[in-house]
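In: Sequence plus predicted model, see below.
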Amino acid sequence: MIEIPGNIILVICLLRCLHYFLQSHIRRAQTFWLAGVLIFVTAIRRELNYLPDLFVPNNFTLLSRSYDWWEDMVLTVIYLVVVGLLIHSWRYLWALLKKAPLSLYGSVAVLAVVQYMGENAILFPKDFGVFVEEISETIIYAVALIYLWRLNISDYANQQKEASELHYQTSTR
């Protein structure tokens, strides 16, 4: 029940990344936003980890492999694709990272540490730790949503065009 707001926020983040993907006209920006979509797909899958237990029989096998093996392989392929897409769009990624306020990084890092401490019952009782973990995750997802919502991708598109024109001018001399 406590995970529902986090899942809703993740779905909205996924839709926002999909919107940016469709709105972008620069290939590197599109690859970055496609990576974002895939990241949120895997985050939603991680949050809904109880669903396979409800719908997939325990003795399920396909080509002599269990469901867990197939799931791990599919997620590994998705993670590798995400890394490749982020490497391909590294200039766009770097432009986004440079413009983000330092306080954003600090607050997410603190929340991630608190989330880890809650998950592993460090300084928190086990039952309260689960609550702390879920609240911290939901706040991290909300921070991501706020950042995505306030982002103006046209600023980055103009930077990319200027960089491309500058590169063209210097390479033709």
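Out: Okay, I see it. Residues are numbered from 1 along each chain as shown.

In: chain center to stretch 30-50, what's the gap?
Out: 6 Å (Cα atoms, centre = their mean, to the nearest Å).

In: Correction: the previous question concerned stretch 143-153.
Out: With Cα atoms, centre = their mean, you get 13 Å for stretch 143-153.

In: and that stretch, C-alpha only, in CSV?
Out: C-alpha atoms of stretch 143-153 as CSV (Å, rounded to 0.1, in the frame of the first residue of the first chain):
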residue,chain,number,x,y,z
VAL,A,143,12.5,14.8,-6.9
ALA,A,144,13.1,13.1,-10.2
LEU,A,145,9.6,14.0,-11.3
ILE,A,146,9.9,17.6,-10.3
TYR,A,147,13.3,17.8,-12.1
LEU,A,148,11.8,16.2,-15.2
TRP,A,149,8.8,18.5,-15.1
ARG,A,150,10.8,21.7,-14.7
LEU,A,151,13.3,20.7,-17.4
ASN,A,152,13.2,22.8,-20.6
ILE,A,153,14.7,20.6,-23.3
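
In: Give the buried residues for that stretch.
Out: For stretch 143-153, burial by neighbour count (16 or more other Cβ atoms under 10 Å) applies to A144, L145, Y147, L148, I153. Where C-beta positions appear, they are placed from N, C-alpha and C, glycine not excepted.

In: Could you do stretch 95-112 as well?
Out: Quick answer for stretch 95-112 (16+ other Cβ under 10 Å): A95, L96, V108, L111.

In: So which bits of stretch 15-28 are buried?
Out: R16, C17, Y20, F21, S24, I26, R28.

In: ok, those vs T138, which is closest?
Out: R16 (16.7 Å; Cβ to Cβ).

In: Now the residue nearest the centre of the chain. Nearest residue, chain neighbours left out?
Out: By Cα atoms, centre = their mean, the chain has its centre lying nearest to I39, at 3.7 Å. Spatially, and ignoring its direct neighbours in sequence, I39 is nearest to V82 (5.9 Å; Cβ to Cβ, 6 or more residues apart in numbering).

In: That neighbour contacts V41, correct?
Out: No - using Cβ atoms under 8 Å, V82 makes no contact with V41, being 9.5 Å away.

In: Tell me how far V11 lies from V37.
Out: 11 Å (Cβ to Cβ, to the nearest Å).

In: So for these two, which residue has more residues nearby?
Out: Just comparing V11 and V37: by other Cβ atoms under 10 Å the higher neighbour count belongs to V37, 19 against 14.

In: surely the more buried one meets L18?
Out: Yes - with contact defined as Cβ under 8 Å, V37 and L18 form a contacting pair (5.4 Å).
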